[in-house]
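Enquirer: model this:
(2 chains)
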Amino acid sequence: GENVEQHPSTLSVQEGDSAVIKCTYSDSASNYFPWYKQELGKGPQLIIDIRSNVGEKKDQRIAVTLNKTAKHFSLHITETQPEDSAVYFCASYGNNRLAFGKGNQVVVIP
Amino acid sequence: NAGVMQNPRHLVRRRGQEARLRCSPMKGHSHVYWYRQLPEEGLKFMVYLQKENIIDESGMPKERFSAEFPKEGPSILRIQQVVRGDSAAYFCASSQGTSVTDTQYFGPGTRLTVL
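Expert: Take a look at the predicted model:
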């Protein structure tokens, strides 16, 4: 089955700096890559996604890049704010299911 | 349009009891997925259902666990004779379909604690 790896596991950044989280996947047939944000005690919330026919997508301070040849994709958060502190999960979609990475704890230091 | 609803939000059971977790998908969604999340772990796929059908249960333990999504009412994840290792957060997600354009939206989860 699909194997999604996510790193680093924790990331601390100063408020206003950028944060980058990277994920790799194993199944070359995967064609959809969403990112979810999970705050303490809540369910994962979709923040951005990218399909395999696109290399980059941006939504305000959040962007995602995809390299299908290398089978990796990254989440970029610019001008980080305290409310960006959360656990971020990448996922890869194939065979009617999502395979998730283990998550990345992002801490934005005011 | 209400999001995915799950209840109860917290459930405490003693070893050997049964746990029933409920999930109501978003309006217009007919596909439901259940995931389990252990502490400091990602979400692990358990089962995928459509109305009255189990499509893929390959992620669900063969014993004690079952899931259903009846024609009327919520989807139910049932865990019989719970053990301490079943303690986890269980999340339900729903989508309109299964094409690459159908996003999965998650509920708030049920946190199961087995004493």
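
Enquirer: does residue A:85 really touch residue A:77, like I thought?
Expert: No: the pair residue A:85 and residue A:77 does not pass the contact test of C-beta atoms under 8 Å, sitting 10.7 Å apart. The C-beta positions use only the backbone N, C-alpha and C, and glycine is treated the same way.

Enquirer: which residues do these two both contact?
Expert: In terms of C-beta atoms under 8 Å, 6 or more residues apart in numbering or on different chains, residue A:85 and residue A:77 are both contacted by the residues residue A:106.

Enquirer: looking at these two, which is more packed in?
Expert: The neighbour comparison of residue A:85 against residue A:77 (other C-beta atoms under 10 Å in any protein chain shown) goes to residue A:77, with 24 against 19.

Enquirer: so what's the spatially closest residue to that one that is not a sequence neighbour up against?
Expert: Closest residue to residue A:77 in three dimensions, ignoring its sequence neighbours and counting by C-beta to C-beta, 6 or more residues apart in numbering or on different chains: residue A:19, at 4.5 Å. For residue A:19, the contact set (C-beta under 8 Å, 6+ apart) comprises A:11, A:13, A:75, A:76, A:77, A:80, A:84, A:106, A:108.

Enquirer: how close does the fifth one get to chain B?
Expert: Counting by C-beta to the nearest C-beta, to the nearest Å, the gap between residue A:77 and chain B amounts to 19 Å.

Enquirer: what backbone torsions are found at that residue?
Expert: Dihedral angles of residue A:77 (phi, psi; degrees, to the nearest 10) stand at phi -120, psi 120.

Enquirer: wait, it sits on residue A:64?
Expert: No: distance between residue A:77 and residue A:64: 10.3 Å, which falls outside the contact criterion (C-beta under 8 Å).

Enquirer: tell me how far residue B:31 lies from chain A.
Expert: As defined by C-beta to the nearest C-beta, residue B:31 lies at a distance of 9 Å from chain A.
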